[in-house]
Every structure is written in C-alpha cells, then in structure tokens.
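**Student:** build the 3D model from these lines:
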Amino acid sequence: MTTPTATPSNPAAHAAAPAHIAGLSLVNLAARQRMLSQRMILQTVLAAGGDAERLQAAQRSLAMFTESQQHLQSTASQLEAASAARIHEVYLGPRGVGPLVQAFMQLMKNALALIEAASPRVPATMAELVGHTDRILEALNTATTAFDDVAKARSAAMTKELAGIVGDIQGVAKEAKVVSFNAQVMAARAGQHGREFAVVANVLSDITTEIDTLTRKAAVLAERSRHEG
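**Tutor:** Just a heads-up that it's a prediction; the model follows:
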C-alpha cells in the first residue's frame, strides 16, 4: 500500500475553509460529522412525511456534511507522514470507511432529490437510508478515533520538543550565571576601576535569574501538558 507524504499538492487543501469549519480542530470536526449524520437522517425522515422546512434543513445539513468531509480528507493529507498515513488507512485502506461515507452521502442526496420530486420510490429509499444509521455512525466513530489519536500524538511530540527547548535554555542560563559570577569577582578585584563592569555583571545576574524563573514555569507547563495529553 502506498502511503501519503507530508507534502500534498492538492490546491483545494489550501483554500479558505467555510465559516462552519473555520476554527474547529480536525478531531472536533470529525466528531461533529457523527452528529450531522444522525441529524440528516431525522430531518430526511420528517421531510419524507411532507415537511418542506425539514427538507430544506436536510439539504443544508448535507451540504455542511459534504464540505466537512472534503475538508477532513484534504487537510489530513497535510499532516506529518505518520499521521497522514494513519488517516489515509482509516479512509482508504483495505478496511477504510471512506467508501461507506461516500455511499451514505450519495444515498442521502438521492433521497432528498426523490422527496423533492415526490417520487413513489421515496419509501424504499428511506428504508435503505435508515438501514445505514448504525453503519455510518460506526464508520464516523472510527474516523473520529483516528483523528483523536493523531491529535494526542502531535501534542506529545510538541510537549517533547518544548521540554527539549526548555532544557537548552536552562543550560544557557547556567552558563550565563557562571559568567555573571566570574564577572562580579573580577569587578570586585578591580576595585574602583571595575565599578562599571560590576553594574553590567549585576544586570546580567538579574537577567539570568529571570530566565531561570521563566524556564521553570515553562517546564511546569510542559509537564502539565504531558499529563493532560
């Protein structure tokens, strides 16, 4: 199986996201798909009973669901290689849920068109649609779990990187403390001639103390993030 790389060439992935998507994380967007699927089925059942407002609502929900699904799959291809491969496997792998989700969207589109045309095929199509309820929910749960796993892995990687940066800063701060201490000793030995040098040494000492305080705060945040992740 060929897995995707972290450098996609899909121009749609770089387009501005619709307003109902902007600001949502991938895992939250995937979770919303579950809710939308069930809402669409209910709206369509009501629309089949002659409720014109529910028909329009179902059409809007389908448009939102379709745009969200496109965004999920196109944006996922921009993740780092391991995460992109995970999402690719979930949607397009041998047991991927992508075909089932696509079939559900097509069935929903057909059902709404038949309802709008008052077709005699509506009852049979509705029975088929309702029969998809459990399967589509399970498929969307699988996708949501995958995005959640990816989010946790990215959080862990960022926490590890932050911890490394904090460690580097702490190392620099320690070296600066040594320099500051040596400078103060030299200034004291120089007496009157080292007064200005002593001022610089004291300022450097204050800076290193502030750096030390900030790095300790960053270390606490990194540790908290690790446990929460």
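
**Student:** what residue ranges in this structure score low on pLDDT?
**Tutor:** Applying pLDDT under 70 to the chain flags residues 1-15, 192-198, 201, 221-229.

**Student:** need the longest helix for it.
**Tutor:** Across the chain, the longest stretch assigned as helix under DSSP state H is helix 133-190.

**Student:** what helices and strands are in contact with that one?
**Tutor:** helix 26-48, helix 52-76, helix 81-92, helix 98-116, helix 195-228 (3 or more CB pairs under 8 Å, 6 or more residues apart in numbering; DSSP states H and E). Quick note: C-beta positions are derived from backbone N, CA and C, even for glycine.

**Student:** switch these over to a markdown table; also include distance to G164 and mean neighbour count.
**Tutor:** Listed next are those as a markdown table, based on distance: least, CB to CB, whole Å; neighbours: other CB atoms under 10 Å:
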| stretch | distance to G164 | mean neighbour count |
| --- | --- | --- |
| helix 26-48 | 25 | 20 |
| helix 52-76 | 27 | 18 |
| helix 81-92 | 19 | 19 |
| helix 98-116 | 37 | 17 |
| helix 195-228 | 9 | 14 |
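
**Student:** quick one: which of those is nearest M186?
**Tutor:** Closest approach to M186 among the helices and strands packed on helix 133-190 (CB to CB): helix 195-228, 6.9 Å.

**Student:** still on that earlier bit, of the helices and strands packed on helix 133-190, which is nearest K152?
**Tutor:** When those are compared by CB to CB, helix 26-48 sits nearest K152, at 9.0 Å.

**Student:** which secondary structure elements does the closest one contact?
**Tutor:** helix 52-76, helix 98-116, helix 122-131, helix 133-190.

**Student:** got the contact list for it?
**Tutor:** For helix 26-48, the surrounding residues in contact (CB atoms under 8 Å, 6 or more residues apart in numbering) are 21, 24, 54-55, 57-58, 61-62, 64-65, 68-69, 71-72, 75-76, 104, 108, 111-112, 115, 122-123, 126, 129-130, 132-133, 136-137, 140-141, 143-144, 146-148, 150-151.

**Student:** what angle do that helix and helix 133-190 make?
**Tutor:** 160 degrees (axes from the mean of the first three to the mean of the last three CA atoms, to 10 degrees).

**Student:** can you check what angle separates helix 26-48 from helix 81-92?
**Tutor:** Using the same axes, to 10 degrees, helix 26-48 lies at 20 degrees relative to helix 81-92.
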